[in-house]
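*Asks:* Give the three-dimensional model of this entry:
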Amino acid sequence: SASVCDLSLLVSPFVALLLDIMIVAGLQKLAKRKGPYDVNPGLLDYLTMDTYAFPAGHASRAAMLSKFFLNHLVLAIPLRILLVLWALCVGFSRVMIGRHHITDVLSGFAFGYLQFRLVELIWMSSNTCQMLISIW
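*Replies:* The predicted structure follows:
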C-alpha cells in the first residue's frame, strides 16, 4: 500500500503535463492568436497542436515543471537558480524565434503556475493515500 502511495509523487508531474497539454490546446483553439510572424505551420506543428500562439505551451510546461521540482526536490541554491533560469530561457526563446508574443509567454508562465497549484491542491498526500488504503 505504501508503494502505491509513493508513486503519487512520480505520477503527479505527468498528470499535470497532460492537463497542461489539454488546457493550452483548448485555449489556443479558442483564442486563435497567431504568432508575430505570418509563418505557415508545418506538418509537425499540426501534429503537436502548435499552430496558435496564445498561450505559449512551452512556457506553461517549463513554469509548471520548474515549480514542481522547486517544491518537491531538495536542491542547492545554485541549482534552484538554474532551474528558474531554464524556465525563463525556454519561454523567452519562443519570443526570440518569432513563435510567440511576449504576452503569450507571460500568460504561459501564469497558466503553468496555476495548473501546478491546481494539481497540488487536488493531489492526495502520501499520508492521506495510506490512510484511505488502510481503511479499505
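*Asks:* Settle this for me: Glu120 is touching His72, isn't it.
*Replies:* No - if you go by Cβ atoms under 8 Å, Glu120 and His72 don't touch, sitting 9.4 Å apart. Heads up, the C-betas are built off the backbone N, CA and C, glycines and all.
*Asks:* Which of the two has more residues huddled nearby?
*Replies:* Glu120 (15 against 12; other Cβ atoms under 10 Å).
*Asks:* low pLDDT regions in the chain?
*Replies:* Scanning the chain with the threshold set as pLDDT under 70 gives 1-11, 38-50, 124-133, 136.
*Asks:* try it again with 50
*Replies:* 1-2 (pLDDT under 50).
*Asks:* Quick one: the helices in it, in order.
*Replies:* 2-31, 43-47, 57-72, 77-96, 102-122, 126-135 (DSSP state H).
*Asks:* mind putting those in JSON lines, distance to Tyr37 included?
*Replies:* Listed next are the helices of the chain as JSON lines, based on distance: least, Cβ to Cβ, whole Å:
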{"stretch": "helix 2-31", "distance to Tyr37": "17"}
{"stretch": "helix 43-47", "distance to Tyr37": "13"}
{"stretch": "helix 57-72", "distance to Tyr37": "17"}
{"stretch": "helix 77-96", "distance to Tyr37": "11"}
{"stretch": "helix 102-122", "distance to Tyr37": "13"}
{"stretch": "helix 126-135", "distance to Tyr37": "47"}
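*Asks:* Now for Ile122, how many residues are close by?
*Replies:* Around Ile122 there are 8 residues (other Cβ under 10 Å).
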